[in-house]
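*Asks:* Sequence first, then the predicted structure:
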Amino acid sequence: MFRVFKKEIETELSKFLDMDVSRFLRESEHADLSCTIAFKLAKEQKRNPDEIATEITNAIAANLSDYVGSIEIVNGYINFNVSYEFLEDVVNTILDEDEDYGSMTEQGDVLIEHTSANPDGPLHIGHIRNSVIGDTLARILRKAGLDVNTHYYMNDMGRQVALAILGVRRFGLNDKKPDHAVADAYIAINKIMEEDENEKEKIEREVEEIMLEYELGNEEVSKEFREVVEKAYEGIKQTLKRLNIHHDEVVWESEFIRNGYVDRVLKKIEELGLLKKDGAWYVDLKSKGFEKDVVVRRENGTSLYITRDLAYHVWKNENFERFINILGSDHKFFGKQLSDILEILGLKPPEIVFFEFVSLPEGSMSTRKGKFISADELIERVYDEAYVIIKDREMSDEEKKEIAESVAIGALRFDFVKLAPEKPMTFDWKKALDFERQTASYIQYSHARACSILRKAVENGMPDIEIVGELCTPAERELIVLLSKFTHVIERVLKELRPNVFADYIFDIAMKFNDFYRLHPVLKEEKELRMHRLAIVDATRIVLRNGLEVLGIKPLEKM
RNA sequence: GGGCCCGUAGCCUAGCAUGGAUAAGGCGACGGCCUCCUAAGCCGUAGAUCGCGGGUUCAAAUCCCGCCGGGUCCGCCA
């Protein structure tokens, strides 16, 4: 709805000004939309901005639709405010569209690859950042109308996995959750390598050996790889499920060796005359500014991670219009190489969302050294904390557990998604376990409050609702204008691929709703005013619910 | 050494793309609010040389240049 308001002003302004005017229009605290074009023109024409603003306003005022309620000129700014009719239309549209409010009609297929953690252990808190960004983005893009597929790219051919397999061979798997059991074997074999030079050499030779066997398709070894990888993934999948995250498909890296895509991509590079063979095979990327060649095949004939990933991206090109990867920023160099090679091949590179590292106060994490906080441990502790808060409430234990689970998962997801991806993050137990504001629980609580008011209204036999623009107070106005920006915000996320923007938006709604709640009684009011406010509460409830769902957080009706 | 990212009150963050009106929230601190729709809430107070230095501009947290501090990458690893 806000988009309609904005578009209209843009159209009228550009009729008069004959230039792209959108960059001079912005949301501000002073008005619903504020225009700074007069400053620009004042400079060019060496005139007073106020004078120009007045001229512009006079020229367009008559043509503006009923959604524009007022235009004001203040110090050269042209301030546009929405009308009563706009406010009414927003609330009525939300009530009408209900769970579809905020949905858009973007078209096309998108593939989002996220998480894709090495199957050598459980997800840790760094991986969760990837998963949450990826899953939230997937949900936002779906809300926008796109046909979204999510992939977990299973890195089954890496050195780490080979090592994990040797670990399992030597120590077996204990009876912990399967991903943790794999990690224990992996950590144990790493420990041996660190402590004993002879063992280290021996194990490294074995790693080479089984990697080669696996690439060549040796049945015995392949079976071992599959078993360990599937074990690890089984545990990872459980963790993701608890976080409301699922992948539509798991794509095994080794598949691209077996189905010939790796050979195809190598051949294609060779045909372009870019392949250098000197024992190993290299791609010359000097034209793209790289000092060193990129190795795409080792001397022993095996492929490398980038070779298989190139093959995967050839496949993505064949099957999807857009493909987005969520990657830790340590992959930036790699991502650039991958993208540049794809471009040389005349293919589309992936859109990549990079996020900065999650580190512990004592330094960066390492699965190999067993130095990490697992997602499972984090979830469990946040859950315990959430349970403590409600344990004395009057409800069934089952209900308490459900609420604690939703609050815990919500808090966790929100904590990761609210931070801009490019910001580094230092994990802090105290903050992770703190439920005082700025977390999902605040939003869930606001939603529950709205539900409660509506529930009581029905119980008291006053279910009728009706928005009346003229009755809107400043706080109500602000809230409704914010509610109208749902698709406006989604549009921005689509463009920037930064889901934190959406998280902020939903949080803002919760805050504005609490302002409203404090200032305006609802159920106590006389009929007309009560119906008006109930309409606002219901509309807010709907937007909060839809927003929380887009964030993968359960909208609770009671807490 | 070179590339990329980050640096905004004691702490965490938003704003930076497209320069504009007193730099916005939260945590923590201090003082208050449950005969009133859920106190997982709310109100008030204190707290900022927007890392530093230059430049562009009528106007810079935002753009440009140079530094400083932190992270990360520069493998026949992934």
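*Replies:* Alright, I've got the coordinates. Since we're looking at a predicted model, the values are computed, not measured.

*Asks:* which residue ranges form the helices in the stretch 401-550 of chain A?
*Replies:* Secondary structure of the stretch 401-550 of chain A by DSSP state H, counting those that start in this stretch: the helices cover A:429-432, A:440-459, A:474-483, A:486-496, A:500-519, A:527-550.

*Asks:* likewise the stretch 101-250 of chain A?
*Replies:* A:125-143, A:159-171, A:178-195, A:197-216, A:219-242.

*Asks:* most packed of the ones you listed?
*Replies:* helix A:125-143 (a mean of 24; mean count of other Cβ atoms under 10 Å). C-beta: built from backbone N, CA, C; applies to glycine.

*Asks:* Including mean pLDDT and mean neighbour count, could the helices of the stretch 401-550 of chain A go into JSON lines?
*Replies:* Formatted as JSON lines, the helices of the stretch 401-550 of chain A follow (pLDDT from 0 to 100; neighbours: other Cβ atoms under 10 Å):
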{"stretch": "helix A:429-432", "mean pLDDT": "88", "mean neighbour count": "12"}
{"stretch": "helix A:440-459", "mean pLDDT": "96", "mean neighbour count": "20"}
{"stretch": "helix A:474-483", "mean pLDDT": "96", "mean neighbour count": "21"}
{"stretch": "helix A:486-496", "mean pLDDT": "96", "mean neighbour count": "18"}
{"stretch": "helix A:500-519", "mean pLDDT": "96", "mean neighbour count": "19"}
{"stretch": "helix A:527-550", "mean pLDDT": "97", "mean neighbour count": "22"}
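
*Asks:* among the ones you listed, which is nearest RNA strand B?
*Replies:* Of all those, helix A:440-459 sits nearest to RNA strand B, with 3.1 Å by Cβ to the nearest atom of the strand.

*Asks:* Can you tell me what sits against the closest one?
*Replies:* Contact with helix A:440-459 is made by A:386, A:406-407, A:410-411, A:413-414, A:435, A:463, A:506-507, A:509-510, A:513-514, A:517, A:522-523, A:530, A:534, A:537-538, A:540-541, A:544-545, A:547-548, A:551, A:553-559, as judged by Cβ atoms under 8 Å, 6 or more residues apart in numbering.

*Asks:* Filter those to keep only those in contact with RNA strand B.
*Replies:* Under the cut-off given by Cβ under 7 Å from any atom of the strand, RNA strand B has A:386, A:407, A:435, A:514, A:517, A:522-523, A:556-559 from the contacts of helix A:440-459 close to it.

*Asks:* Quick check: which of the residues you listed has the minimum pLDDT.
*Replies:* Confidence by pLDDT is poorest for A:F435 among these, given 83.

*Asks:* Need phi/psi at that one.
*Replies:* Backbone torsions for A:F435, taken as degrees, to the nearest 10, come to phi -100, psi 10.

*Asks:* In this structure it contacts A:I389, no?
*Replies:* Yes - between A:F435 and A:I389 there is a contact under Cβ atoms under 8 Å: 6.5 Å.

*Asks:* now for the lowest-mean-pLDDT helix or strand in chain A, which elements pack on it?
*Replies:* Ranking every helix and strand in chain A by mean pLDDT, DSSP states H and E puts helix A:37-45 at the bottom, with a mean of 85. Under the contact criterion of 3 or more Cβ pairs under 8 Å, 6 or more residues apart in numbering; DSSP states H and E, helix A:37-45 touches helix A:49-61, strand A:77-82.

*Asks:* Who has more neighbours out of A:F435 and A:I389?
*Replies:* Counted by other Cβ atoms under 10 Å, A:F435 and A:I389 do not tie: A:F435 has more neighbours, with 18 against 15.

*Asks:* ok, back up a step: is it possible to export the helices of the stretch 101-250 of chain A to TSV including mean pLDDT and distance to RNA strand B?
*Replies:* Listed next are the helices of the stretch 101-250 of chain A as TSV, based on pLDDT from 0 to 100; distance: least, Cβ to the nearest atom of the strand, whole Å:
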stretch	mean pLDDT	distance to RNA strand B
helix A:125-143	97	11
helix A:159-171	96	4
helix A:178-195	95	13
helix A:197-216	95	7
helix A:219-242	97	12
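
*Asks:* Including distance to A:N118, could these go into TSV?
*Replies:* Formatted as TSV, these follow (distance: least, Cβ to Cβ, whole Å):
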stretch	distance to A:N118
helix A:125-143	9
helix A:159-171	5
helix A:178-195	9
helix A:197-216	14
helix A:219-242	8
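
*Asks:* Quick one: closest of those helices to A:N500.
*Replies:* helix A:125-143 (8.6 Å; Cβ to Cβ).

*Asks:* one step back: which among the helices and strands packed on helix A:37-45 is found nearest to A:S14?
*Replies:* Nearest of these to A:S14, taken as Cβ to Cβ: helix A:49-61 at 10.0 Å.
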